[in-house]
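> Dropping the sequence and predicted coords here.
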Amino acid sequence: MLVGPPGAGKGTQAEFVAASLAVPKISTGDIFRANVAHGTPLGVEAKRYMDAGLLVPDEVTVTMVANRLGEPDATDGFLLDGFPRTTPQAISLDDLLADLETKLDVVLELVVDEDEVIRRLSGRRTCRGCGKIWHIEFDPPIVEGRCDRCGGALFQRSDDHAETIAERLRVYTRDTAPLTEYYGAQGKLVGVDGTGPVEDVTVRTSDALRSYLG
Ligand code: AP5
């Protein structure tokens, strides 16, 4: 599992980690955004919370994750990105994993300070075609507004505006940061310095995983 404040680089690193472990990346934010894009009832409900920088209610989120973990590609493992985000979600996850007769191996916390995450979120752009994450300053595509990987158009997330970013950071501190104690007490938490170039963070993340998973 990857945990860390909005903009810490969870989505960016999740791509590498999931590929290196050959497991699916399960990002609750991505699943909500896909539902919003398709106008499903779940998307309509989630959008109200997301645009306000608030968390989607636990019950809705846990049911969605339970369904996703039951899909065949998750049988041999998975990487969680953005879930759980509250202590009740973490407790529900423990129950879900017990039902599936599996357990969490490790929780990687990407540590980045608040000024840096604000810079990262303000300049983030995402590809509409393949979902690749870019940054206008730190990781720009060759052609402005176009994805190098698939040629898709880049867009700015509707929750990446100053006021919403501030609310998301408040919600993180209040509801999600306490999870580090929850997983610390289980002996599963490993802190990773999330600052510096993406490639350096990837090396530190891979090293942390290797030393933990062997
Ligand atoms: P979600 O999509 O999970 O958003 P988040 O946790 O706020 O995290 P972000 O996606 O904003 O950031 P990230 O850490 O993935 O950073 P990224 O790699 O993109 O959730 C969105 C919303 O959905 C929530 O607010 C909530 O409403 C709802 N939701 C989701 N899960 C939920 C749950 N479990 N319960 C309830 N509600 C839920 O990087 C950011 C930028 O920085 C990019 O531009 C990137 O290029 C750049 N960057 C990355 N690494 C570096 C680096 N090392 N140096 C410089 N730039 C970098």
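Nice, thanks for sending it over.
> Could you give the number of residues near the residue of the chain found nearest the ligand?
At 2.0 Å from the ligand, Gly29 is the closest residue in the chain, using C-beta to the nearest ligand atom. To be clear about C-beta, it is placed using only N, CA and C from the backbone, and glycine gets the same treatment. Other residues lying near Gly29 total 19 when counted by other C-beta atoms under 10 Å.
> What's the separation between Val198 and Ile165?
20 Å (C-beta to C-beta, to the nearest Å).
> just Gly152 next, same as before
Distance from Gly152 to Ile165, by C-beta to C-beta: 24 Å.
> Cys150 now?
Note on Cys150: its distance to Ile165, by C-beta to C-beta, is 27 Å.
> coming back round to it: of Val198 and Ile165, give the one with the bigger neighbour count.
Remark: of Val198 and Ile165, Ile165 carries more neighbours, 20 against 16, as counted by other C-beta under 10 Å.
> Just the element for the nearest residue to that one once chain neighbours are set aside, please.
Spatial nearest neighbour of Ile165, excluding adjacent residues (C-beta to C-beta, 6 or more residues apart in numbering): Leu121 at 5.1 Å. With secondary structure defined by DSSP states H and E, Leu121 is part of helix 114-122.
> Which other helices and strands does the next helix or strand after that helix contact?
Moving toward the C-terminus from helix 114-122, the next helix or strand (DSSP H and E) is strand 124-127. The contact analysis (3 or more C-beta pairs under 8 Å, 6 or more residues apart in numbering; DSSP states H and E) places strand 124-127 against strand 133-135, strand 154-155.
> Is the ligand within reach of stretch 104-114?
No: judged by C-beta under 6 Å from any ligand atom, stretch 104-114 stays clear of the ligand, getting no closer than 6.8 Å.
> Show me the strands in this protein, by range?
Taking DSSP state E, the strands of the chain run over residues 2-3, 25-27, 79-81, 107-111, 124-127, 133-135, 154-155, 189-193.
> Check the offset of the first one from the chain's centre.
To tie it back to what came earlier, the one meant is strand 2-3. 7 Å (C-alpha atoms, centre = their mean, to the nearest Å).
> got the contact list for that strand?
If you take C-beta atoms under 8 Å, 6 or more residues apart in numbering as the criterion, strand 2-3 is touched by 10, 13-14, 17, 79-82, 107-110, 176, 179-180, 183.
> deepest of the helices and strands packed on strand 124-127, which one?
Counting by mean count of other C-beta atoms under 10 Å, strand 133-135 has the highest mean neighbour count of these, with a mean of 19.
> where's it relative to the chain centroid, distance-wise?
On the basis of C-alpha atoms, centre = their mean, strand 133-135 sits 14 Å off its chain's mean C-alpha point.
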